[in-house]
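> sequence and predicted structure, then a few things I'm wondering about:
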Amino acid sequence: MEIRIGIANTGRELNFETNEAAADVKKSVATALDAGATHIMLADNKGNNYIVPTASLAYIELGTEESRRVGFVA
């Protein structure tokens, strides 16, 4: 699943793919924001970890979990 994170006062966004389910990512982000956490930690499918401060979050866009189809689909 692809994740795009917009960071306030920054012209670029953080974009990566993760093996986590969309529901798990939504839950961890919502829990961190509700608890007043200072940062959110996410991991991509290559083993990299990203720590994003919650005060700078502009948006988080979660892609679909559907795998890409190859070939002709009727």
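Yep, that arrived. Numbering: from 1, shown residues only.

> just the strands in the protein please.
2-7, 13-17, 39-43, 49-53, 57-62 (DSSP state E).

> closest to residue 28 out of those strands?
Nearest of the strands of the chain to residue 28, taken as C-beta to C-beta: strand 39-43 at 7.1 Å. (C-beta placed from N, C-alpha, C; glycine too.)

> list the buried residues of the closest one.
Of all the residues in strand 39-43, those buried under the rule 16 or more other C-beta atoms under 10 Å are 40, 42.

> got a list of contacts for that strand?
Applying C-beta atoms under 8 Å, 6 or more residues apart in numbering, the contact partners of strand 39-43 are 3, 16, 18, 20, 25, 28-29, 32, 49-54, 57.

> ok so, going back, for residue 72, which of the strands of the chain is the nearest?
Nearest of the strands of the chain (C-beta to C-beta): strand 2-7, 24.5 Å.

> sheet partners, orientation included, of the closest one?
Strands that pair with strand 2-7, judged by DSSP bridges, come out as strand 13-17 (antiparallel), strand 57-62 (antiparallel).

> contacts for the first one, please.
Outside strand 13-17, the residues within contact range by C-beta under 8 Å, 6+ apart are 1-7, 42, 44-45, 48, 50, 52.

> one more time with 6 Å, if that's ok
For strand 13-17, the surrounding residues in contact (C-beta atoms under 6 Å, 6 or more residues apart in numbering) are 2-6, 44-45.

> and stretch 53-67, by the same measure?
The contact list for stretch 53-67, computed with C-beta under 6 Å, 6+ apart, reads 1-8, 22, 37, 39.

> can I get those residues in CSV including pLDDT and distance to residue 61?
Putting the contacts of stretch 53-67 into CSV (pLDDT from 0 to 100; distance: C-beta to C-beta, whole Å) gives the following:
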residue, pLDDT, distance to residue 61
1, 87, 11
2, 91, 8
3, 92, 7
4, 94, 4
5, 94, 8
6, 94, 8
7, 91, 13
8, 92, 15
22, 88, 11
37, 94, 20
39, 94, 19
